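Asks: Take a look and give me a structure for this.
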Amino acid sequence: MRNIVKSAHQRVAESSSCLWGYSGLVASGDRQRAALLSGAIAAFGVAQLAGGSDSEGGHPYRHTGLGPAVEARWLTAVGRLVAEMRPDLAPQLLAHLGIQGLPVRRQGDYDSGDSADFASSTGSTDSASSLGFADSTDFAEFTDQNLLRGLSIGEIGVVYEALIALSDQHRRRAQGQYFTPDDVAKFLAAQAMEIHQKESNAQGIWLDPCCGVGNLAFHLTAAMPDPAEFISSKLALIDIDPLALKMAQALLVANFAAPDDQKALPALVSRSQARDFLSAAPLPQHDFVIVNPPYSQTERRFDCVTGAIGETYAYFLEKVIRESKGFVAITPAAHLGGKKYRPLRHLLQNTTGGTAFVFDNVPDTVFRGYKYGSTNTSRTNFVRAAITVCAPTPRQWGVTPILRWTNRSRAKMWANAAQYLLPLRFGPNGEWAKIMPGTEKVWDHLAKSSQTLADLVTKERTEYQLEVAATPRYYISATKRSLNRTSKHTLYFKTETEQNRAYILLNSSIPYWWWRCLDGGITLKLQTLLSTPIPENLAVSPNLVAKLAQDEYESIVVKMNAGLACENVQRPGSLVNDIDAILLQGIPYDFTKVYVSDMFSAFSQ
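Replies: Numbering: from 1, shown residues only. Okay, here's the model as predicted:
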């Protein structure tokens, strides 16, 4: 077993085809936790045992993406964990997991001599070979360990996610799986508790319709006044992966069932379904939903109003909205803007209201960079997430700006995110505007503007042109000189006056702020850029135009992207501030936090 662990760790860690999912932990300085996860993942020997699980069309393991030996090892490890935690329920839990012959001992009852005894008493050649071991000694060493001891429920999900991705690199990407980190799950559970306690008098039944190994359900249960009663009568589970569902049931009962409660597991199983949530079959009885749905692109549907969107999470949200009294969901933030998401926004607007928290993916990211099976070497997980909370009783929708934070401020971000909520305002195409507090007066003023940048631009090529980088991160600027980069927009104008008016506007804070309000994704879409409103005070100042032209050569910056040098011009803050003061004269504003990389550094813990 020791050689298997070492070999698996080396082969997986050195492979260029996977990026270790604990990169987020390393980035945050928690190398001890990263090492623990690394060891747990490597111990399953997935590098040797994976492969062929989906090619065997009739194999019972095809739904999990794991090969039979890896799945058998995984179930054995989960069985060891729950049996140690709950000796009073161990026989029932092991039978539920399909584990036979595993000795039931209490945590800490092991010594180095147990392996041989275990091998002689239970380690038949058939048992060892079913788990992919050459002999019963290696089999005994594996089964006598508690590989998952000390891991949180979220970290257990990470290990399972890694095993799936390393066994079948295409499955996780195709299904859009992103297991929920513990601190994210705790935040969702806290939002759910407000609904549960304040608006349902603690009487509602909660459904997790794609529960995975049970992270969201775990933290929701832990937040309840009586967790044992909650899992026995007020929690329902669904997952398309029958193995994950089985594990979730076992882990929840092991952690929360009352002593010797033999009815808790059958009760939870009776309210659980291994199925596709989107199928037409009746759902388990429920009032509220807590969910992290799949984020994959999929075929269009003709049985729902969001069918043209072609994204699984949109279909999940539509069904959740129609089938529940209220919900808490973490999804991509894409539906808050973009024309194709209008039907989903319309559905949300017709609910009783709630809150939407929106998160950036830099410098830190909600999902902590887990990208198992990805060939992309970036440590950033490019999902910009949103947490939507829909309450049963009427309230006005509130939306945050796109929240940014660093690793060291992560806990402060969760504690203070609600302080950035503002009442919902709509963009020109029905977008849910993500407005930074301190700039709402700017929005209210510019939203009434009669002109946009599109009114200055012509489709004809002329001598009067400006270039704008199409991949902004912390600023937007425009130049008259040509930028040495491939990702850029070139704008043309009929006259020099129109060119200079746009030149001043595009080097103010307004276009970057506007983009962050309406989109804020990876790229600056031309449509969004052209929709930038023109303030009434926009006039050509020859002195200001001259300063901008000179600065183009003084403030040039170069960033390497895929081995290519990409030029841009990062204007001095003082110059941008001077332009803002002219364009927004008489309007109170504070753009400071629009540009900062950490919006929570000044908050107390």
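Asks: hey, let's count contacts and neighbours off CA atoms from now on
Replies: Will do.
Asks: roughly how far apart are the closest residue to N361 other than its chain neighbours and S324?
Replies: Sequence neighbours aside, R384 is the residue nearest to N361 in space, at 5.5 Å (criterion: Cα to Cα, 6 or more residues apart in numbering). In this view, R384 and S324 are 25 Å apart by Cα to Cα, to the nearest Å.
Asks: Settle it for me: which of those two has more neighbours?
Replies: Counted by other Cα atoms under 10 Å, R384 and S324 do not tie: R384 has more neighbours, with 22 against 17.
Asks: per-residue confidence for the more buried one?
Replies: Here, the pLDDT recorded for R384 equals 91.
Asks: Report the contact partners of F218.
Replies: The contact partners of F218, taken as Cα atoms under 8 Å, 6 or more residues apart in numbering, are I153, L252.
Asks: Put the alpha carbons of stretch 471-480 into CSV.
Replies: These are the backbone C-alpha positions of stretch 471-480, laid out as CSV (Å, rounded to 0.1, in the frame of the first residue of the first chain):
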residue,chain,number,x,y,z
THR,A,471,-10.1,42.3,-22.0
PRO,A,472,-10.2,44.7,-19.1
ARG,A,473,-9.4,43.7,-15.6
TYR,A,474,-9.0,46.8,-13.4
TYR,A,475,-9.5,49.6,-15.9
ILE,A,476,-10.7,50.7,-19.3
SER,A,477,-8.9,53.3,-21.4
ALA,A,478,-8.8,54.5,-25.0
THR,A,479,-5.9,55.5,-27.2
LYS,A,480,-5.4,57.3,-30.5
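Asks: List the buried residues of that stretch.
Replies: Neighbour-count burial for stretch 471-480 flags T471, P472, Y475, I476, S477, A478, T479, K480 (criterion: 16 or more other Cα atoms under 10 Å).
Asks: Repeat that for stretch 481-490.
Replies: Neighbour-count burial for stretch 481-490 flags L483, R485, K488, H489, T490 (criterion: 16+ other Cα under 10 Å).
Asks: for stretch 577-584, same thing?
Replies: Going by neighbour count (16+ other Cα under 10 Å), the buried part of stretch 577-584 is I579, D580, L583, L584.
Asks: between the buried residues of stretch 471-480, which is closest to S531?
Replies: Taking Cα to Cα as the measure, S531 lies nearest I476 of these, at 14.4 Å.
Asks: State the pLDDT value of that closest one.
Replies: I476 is assigned 98 on the pLDDT scale.
Asks: Inside strands: which ones of the buried residues of stretch 471-480?
Replies: A478, T479 (DSSP state E).
Asks: Kindly reformat the buried residues of stretch 471-480 as CSV containing distance to I309.
Replies: What follows is these, written out as CSV (distance: Cα to Cα, whole Å):
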residue, distance to I309
T471, 24
P472, 26
Y475, 30
I476, 29
S477, 32
A478, 33
T479, 36
K480, 38
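Asks: how many neighbours does G573 have?
Replies: By other Cα under 10 Å, 10 other residues sit near G573.
Asks: need the contact list for it.
Replies: G573 neighbours (Cα under 8 Å, 6+ apart): none.
Asks: quick one: it from N543, how far?
Replies: In terms of Cα to Cα, G573 sits 17 Å off from N543.
Asks: Domain-wise, how is this protein divided?
Replies: 2-171, 173-440, 441-589 (automatic domain parsing).
Asks: Next, count neighbours for the closest residue to G338 other than its chain neighbours.
Replies: In space, G338 comes closest to E431 once its chain neighbours are excluded; the distance is 6.7 Å by Cα to Cα, 6+ apart. A count of neighbours around E431, defined by other Cα under 10 Å, yields 21.
Asks: S270 now?
Replies: Residues lying near S270 (other Cα under 10 Å) number 12.
Asks: Next one: it from S279, what distance?
Replies: S270 is 19 Å from S279, by Cα to Cα.
Asks: Same check on R342?
Replies: 24 Å.
Asks: shaky segments in the stretch 51-200 of the chain?
Replies: 51-65, 101, 103-144, 168-178, 200 (pLDDT under 70).
Asks: Dig out what V328 forms beta bridges with.
Replies: Note on V328: beta-bridge partners I290, V389, judged by DSSP bridges.
Asks: Correct me if wrong: it contacts L317.
Replies: No - using Cα atoms under 8 Å, V328 makes no contact with L317, being 10.1 Å away.
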